[in-house]
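Novice: Following is a predicted model, sequence given first.
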Amino acid sequence: SFSAPNGSFLIMVEESNVSAGEDITPKQDGGVLKKITNEGTGTAKPASGCKVTVHYTGTLLDGTEFDSSRTRDSPFKFQLGKGKVIQGWDIGVATMKLGERAVFTIREDYGYGEAGSPPKIPPKATLVFDVELISWDPENLSGKKDRGILRYPITAGNGFESPKEMAEVKVLLKGTVEGRVFDEREVTFNLGEGKVHDIPPGIDKALENFVLNETSDLELTPEYGYGAEGNAKFNVPPNATLKYTVTLKSFEKIKDRWMLSNEEKVEESKRLKEKGTNYFKAGQYDLALKLYNKVTEYLNGSAGFENELEEERKALELAGHLNAAMCHLKLNNHLDAKNACDSALGIDPDNQKALFRRGQAYLSLSEPELAKADFEKVAALDSTNKAASAQILICNQKLKEIRSKEKQMYANMFEKFAQKDREWRFGWLEGEKPQVEVVPDDPEIAEMRKKRREQKIKYLEQTARLLKEKREREEKERQEREKEEQEKLARGEPLEGKDQGGSGEVMGQDGGTNDLASETKTNSASNDTGEPKSPISEQPSSLPVVDQPQPSEVSHNT
């Protein structure tokens with residue numbers, strides 16, 4: 001009886017456990033015992049998260065069968081390690097190899113507990129399951145539904161902590177392709193920078209889910225391996241699926257951002273920025289981008305910085321966004337480049353590098369009007385910037401091409417409508433039955449109209465903003481000039497630059513003040529240490545220049 005008051009049931013269980021198999025519980029408390037009846041194949045075992053397929057028969061200790069997938073001739077599938085089945089199953093099936101068959105004796109606290117599962121399973125029942133592992137879908141570590149990084153655990157490892165990105169790791173790895181070993185070594189590197197050591201990105205990604213001393217087989221699709229290029233050093237062909245056996249030997253424990261002091265955040269950001277710049281110079285733009293993004297992650301929105309430390313934080317964050325934008329441009333991620341520039345301009349609205357690079361991004365995104373506005377602001381901030389002037393000419397040319405294309409498109413459209421109208425009217429007059437055709441709206445034309453409207457709105461907003469800034473700047477300069485003149489008059493000093501009562505301002509060709517010639521403002525972030533060379537300095541210098549008025553052409557107010 002299961003409820004014998006003299007404890008005979010407990011004695012019976014303990015005696016049966018002697019030959020029931022090996023204790024496989026993490027606590028070693030005898031709650032789940034395993035006895036293998038048929039060895040499986042290989043070394044891989046299903047991991048938590050895998051979808052496993054099994055056949056089973058469940059009985060009570062007296063041999064009474066209460067459930068069987070074999071009787072139903074329908075294998076049972078479930079997700080391992082996620083509490084979808086009783087705890088004893090999650091523990092037991094995780095120890096099985098492909099094709100293995102084993103008997104598990106599961107105590108009530110690892111089964112259905114004190115209540116049981118009436119009517120077939122009584123309270124406090126110890127259960128016996130005969131389980132066969134038919135197959136499993138390995139755990140996918142890619143973070144997508146592409147089965148790009150499949151893990152087949154061999155040795156579970158210790159603890160629960162995994163290495164974080166940028167942590168130094170030591171791994172033992174063995175890579176094979178088409179049955180041939182192409183790489184076998186022990187290597188130490190920073191997680192996320194495996195590319196430098198000819199380690200495919202799938203290994204970097206997978207190790208973020210390993211624990212200390214874990215050994216697993218990994219299967220990588222080409223996207224997470226060496227891609228369409230392959231690897232000449234290891235003689236790996238293009239678009240090859242790779243198999244690795246990887247052991248995590250050790251890893252550095254990195255503090256989370258919230259655990260760092262403000263001084264530590266600044267020092268770590270300096271180190272990452274310098275390392276990123278080295279990768280940039282070597283042409284490793286993707287690795288450089290990771291490090292620059294880490295810099296902004298450490299410093300963005302940080303509170304509690306004061307005085308010099310705050311200035312240092314601000315300069316580092318600005319440089320991080322600027323350098324990230326440059327990396328995105330190199331990698332043809334133009335929208336991301338634009339967003340990085342937006343972040344930089346949120347810190348320094350007049351930053352020439354941010355404006356210039358955003359202009360480049362806009363050009364690549366087929367937004368010449370927005371690009372032109374950014375390049376014009378660069379030119380307004382620095383009238384000697386020939387690169388910005390060259391880009392403005394490019395924008396004007398692209399705008400001209402767009403307008404010409406639109407003009408031709410509308411002309412063709414009107415001609416098409418006119419032709420239909422002629423066919424209808426003349427056919428009617430000649431006694432022919434008119435064939436009326438309803439011409440549907442052209443989606444391409446509608447989309448282009450919508451885009452043009454949006455572009456015009458954006459352009460007008462930016463133009464209004466720039467005009468407002470220009471007027472405010474002129475008003476401020478005028479007030480300062482009048483104040484200075486009044487002070488000189490009060491001191492009895494003669495006013496400089498006056499000719500017969502004139503204003504002394506050099507007039508542009510349109511008769512207005514030549515603001516570009518008088519601008520002296522410089523880029524506040526042009527000297528951020530360690531940033532890749534600005535494209536502004538790399539542009540051609542032989543550009544057409546608008547002739548300025550000669551001294552004899554200068555008009556003076558009288």
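Specialist: Yes, it's here.
Novice: Roughly how far does residue 186 sit from residue 173?
Specialist: When distance is defined by CB to CB, to the nearest Å, residue 186 is 8 Å away from residue 173. C-beta here means a position set from N, CA and C on the backbone, and glycine is covered the same way.
Novice: neighbour count winner among the two?
Specialist: Per other CB atoms under 10 Å, whichever of residue 186 and residue 173 has more neighbours is residue 173, with 19 against 10.
Novice: Might one say that the more buried one is in contact with residue 187?
Specialist: Yes: at 6.9 Å, residue 173 counts as touching residue 187 under the criterion of CB atoms under 8 Å.
Novice: joint contacts of the two?
Specialist: Common neighbours of residue 173 and residue 187, counting by CB atoms under 8 Å, 6 or more residues apart in numbering, are residue 199.
Novice: Show me where the chain has its helices.
Specialist: 8-17, 69-72, 87-93, 201-207, 262-281, 285-299, 307-330, 334-347, 352-364, 368-381, 386-429, 443-491, 515-518 (DSSP state H).
Novice: Identify the residues contacting residue 357.
Specialist: Contacts of residue 357 (CB under 8 Å, 6+ apart): 322, 325-326, 329, 337, 341, 535.
Novice: Give me the buried entries from those residues.
Specialist: By neighbour count, with 16 or more other CB atoms under 10 Å, these hold 322, 325-326, 329, 337, 341 as buried.
Novice: before we move on, the earlier item: which two in the contacts of residue 357 are spaced the farthest apart?
Specialist: Farthest-apart pair in the contacts of residue 357 is 341 and 535; separation 12.5 Å (CB to CB).
Novice: For residue 549, give me the pLDDT.
Specialist: Note on residue 549: pLDDT of 33.
Novice: where are the low-confidence patches of the stretch 301-450 of the chain?
Specialist: Within the stretch 301-450 of the chain, the segments meeting pLDDT under 70 span 302, 414-416, 418-441.
Novice: ok, the residue lying closest to residue 131 once chain neighbours are set aside to residue 349 distance?
Specialist: Spatial nearest neighbour of residue 131, excluding adjacent residues (CB to CB, 6 or more residues apart in numbering): residue 56 at 4.7 Å. Distance, residue 56 to residue 349, by CB to CB: 67 Å.
Novice: who's more crowded, those two?
Specialist: residue 56 (19 against 12).
Novice: ok, the more buried one touching residue 66?
Specialist: No: between residue 56 and residue 66 there is no contact under CB under 8 Å: 11.2 Å.
Novice: which of the residues in stretch 59-71 are buried?
Specialist: Residues 59-61, 67, 69 are the ones in stretch 59-71 that count as buried (16+ other CB under 10 Å).
Novice: What of stretch 167-183?
Specialist: By neighbour count on 16+ other CB under 10 Å, the buried set for stretch 167-183 is 167, 169, 171, 173, 175, 177, 182-183.
Novice: Please tabulate the residues you listed in CSV and include distance to residue 397 as additional columns.
Specialist: Putting the buried residues of stretch 167-183 into CSV (distance: CB to CB, whole Å) gives the following:
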residue, distance to residue 397
167, 50
169, 51
171, 53
173, 53
175, 51
177, 49
182, 50
183, 51
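Novice: Max pairwise distance over those residues: which two?
Specialist: Maximum distance among the buried residues of stretch 167-183 (CB to CB): 27.9 Å, for 167 and 177.
Novice: The nearest residue to residue 51 once chain neighbours are set aside: neighbouring residues, count only.
Specialist: What sits nearest to residue 51 in space, not counting adjacent residues and going by CB to CB, 6+ apart, is residue 137, at 4.5 Å. By the measure other CB under 10 Å, the count of residues near residue 137 is 16.
Novice: so who does residue 137 touch?
Specialist: So residue 137 contacts 50-52 (CB under 8 Å, 6+ apart).
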